[in-house]
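> Fold the stuff below for me.
(one chain, ligands or ions: 2)
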Amino acid sequence: MTTKQSTTTAGLALRDLSVRFLVGHGRRRGTAPTVVQAVNGVTLDLVPGRVLALVGESGCGKSVLAAAILGLLPANAQVRGAVELADPAGGAPLELLRCPERVLAGSVRGRRIALVPQSASTHLTPVRRVRGQLAETVRTLTGVRDKAALRTRCDELAVRVGLTPADLDRYPHELSGGMAQRAAMAFALVGEPEVVLADEPTAGLDRPLVRNTTAALRDLADQGRAVLLITHDLAAAEDVADDLAVMYASRLVESGPAAAVLADPWHDYTRGLLAALPRNGLTPIPGQPPELSRLPAGCPFHTRVPGDCSGDPAPRPVGDRWIACRSGGAEPVPALSGSPAATSGTGDQ
Ligand SMILES: Nc1ncnc2c1ncn2[C@@H]1O[C@H](COP(=O)(O)OP(=O)(O)OP(=O)(O)O)[C@@H](O)[C@H]1O
Ligand code: NI
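Ligands and ions are numbered 1, 2, ... in the order given. Prediction:
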């Protein structure tokens with residue numbers, strides 16, 4: 001079932017996306033594999049011109065979600081749902097989960113959707129200067145071969161991400177963490193992608209560099225791209241996000257316009273993340289998230305910290321926000337646009 005809402009505004013629409021890993025299968029005949037449920041029923045829109053921050057504790061499934069979008073999961077992964085990349089010309093969207101690898105490699109990755117990977121500097125070859133590696137990416141993705149043109153293009157990219165052309169003539173180990181992060185951003189921009197997925201781009205950076213990075217992401221969105229910022233740094237998300245999605249133990253617990261969610265969080269988990277910020281006294285959330293291979297049957301958060309919860313962990317739309325398990329006493333208000341049936345994604349399949 002497709003819905004109008006799912007394709008009219010989103011550059012990239014995730015519909016009921018689930019990923020699980022089968023671990024230990026085949027090692028011994030007859031033993032059942034362990035199932036790691038890394039992503040569970042995620043519905044999200046990445047909208048051109050907007051930054052969506054996906055926040056949540058380590059291990060909740062954020063990077064797996066990005067890998068699923070790009071078709072970069074290992075062979076033991078099983079994916080369900082849909083990932084629709086809108087056609088800027090108004091044609092039918094491209095459903096990425098059913099796209100052959102040839103199409104993903106040849107016309108999607110780097111060209112339409114770029115990833116700024118977690119620990120970006122480790123993705124650069126240490127023995128070659130950055131410029132040569134960037135020029136090679138430009139050659140591959142754009143077909144430019146002329147040496148002078150390649151040099152100009154690389155210099156332009158450097159300046160766009162806040163590096164100097166001279167920085168490109170360094171070896172990766174000669175770049176600071178912040179510079180390496182910006183270099184990774186330059187690689188992501190080569191193909192002028194419509195969608196940029198940035199995985200923990202502020203990890204390990206001090207505050208001024210965090211602001212630098214969030215400003216660079218803002219620029220990408222202002223140029224009309226849809227940007228996903230994956231982070232466990234809620235403060236960085238606050239800096240730049242237009243939309244916010246909060247993930248806990250493989251599921252979204254709530255999502256919506258960032259300002260609204262931050263000013264009035266509905267889910268106890270979001271409240272817990274906010275209380276853990278330094279300015280709010282660093283109050284930690286008690287307990288530990290469940291193991292993704294042993295998720296509880298009901299709401300995975302309220303089995304850790306008791307609260308007002310319907311027990312149904314699947315988020316549902318309420319106005320322009322989504323909320324799981326109706327936690328924290330957030331009474332659903334009448335939907336402002338569309339009925340729940342028209343906005344609840346693809347449903348079971
Ligand atoms: N190939 C795999 N086989 C089995 N489990 C996996 C595999 N890849 C990832 N996982 C599991 O999926 C879960 C989610 O991992 P993921 O890297 O998405 O977390 P994350 O939210 O990005 O965390 P972080 O903030 O630390 O990067 C983890 O429990 C991880 O162990
Ligand atoms: Ni709950």
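> So which residues on the stretch 201-349 of the chain come close to ligand 2?
Counting by CB under 5 Å from the ion, the stretch 201-349 of the chain comes close to ligand 2 at 299, 302, 309, 325, 327. In short, each C-beta sits where N, CA and C put it, glycine included.
> which among those gets closest to ligand 1?
Distance to ligand 1, by CB to the nearest ligand atom, is smallest for Cys299 among those, at 18.6 Å.
> Wait, that closest one touches Arg326, no?
No - under the criterion of CB atoms under 8 Å, Cys299 makes no contact with Arg326, lying 9.8 Å away.
> Compare the two (neighbour count), which wins?
Applying other CB atoms under 10 Å to Cys299 and Arg326 shows that Cys299 carries more neighbours, namely 26 against 20.
> Enumerate the residues of the chain near ligand 1.
21, 23, 36, 38, 56, 58-64, 74, 76, 118, 232, 292 (CB under 6 Å from any ligand atom).
> Drop anything exposed from those residues.
The neighbour-count criterion (16 or more other CB atoms under 10 Å) marks 21, 36, 38, 56, 60-64, 118, 232, 292 among those as buried.
> Give me the average confidence score over stretch 20-36.
On average, the pLDDT along stretch 20-36 is 81.
> Straight-line length of that stretch, end to end?
5 Å (CA to CA, to the nearest Å).
> just to revisit the earlier point, residues that sit against both of Cys299 and Arg326, list them.
Jointly contacting Cys299 and Arg326 under the rule CB atoms under 8 Å, 6 or more residues apart in numbering are 309-310, 312.
> from these, which is closest to ligand 2?
Nearest to ligand 2, judged by CB to the ion, of those is Cys309 at 3.2 Å.
> okay, now that closest one: neighbour count?
Counted with other CB under 10 Å, the neighbours of Cys309 add up to 20.
> what's near enough to touch the closest residue to it other than its chain neighbours?
Excluding the flanking residues, the one nearest Cys309 by CB to CB, 6 or more residues apart in numbering is His302, at 3.9 Å. With contacts defined as CB under 8 Å, 6+ apart, His302 is in contact with 268, 309, 311, 325, 327.
> Much appreciated, bye for now.
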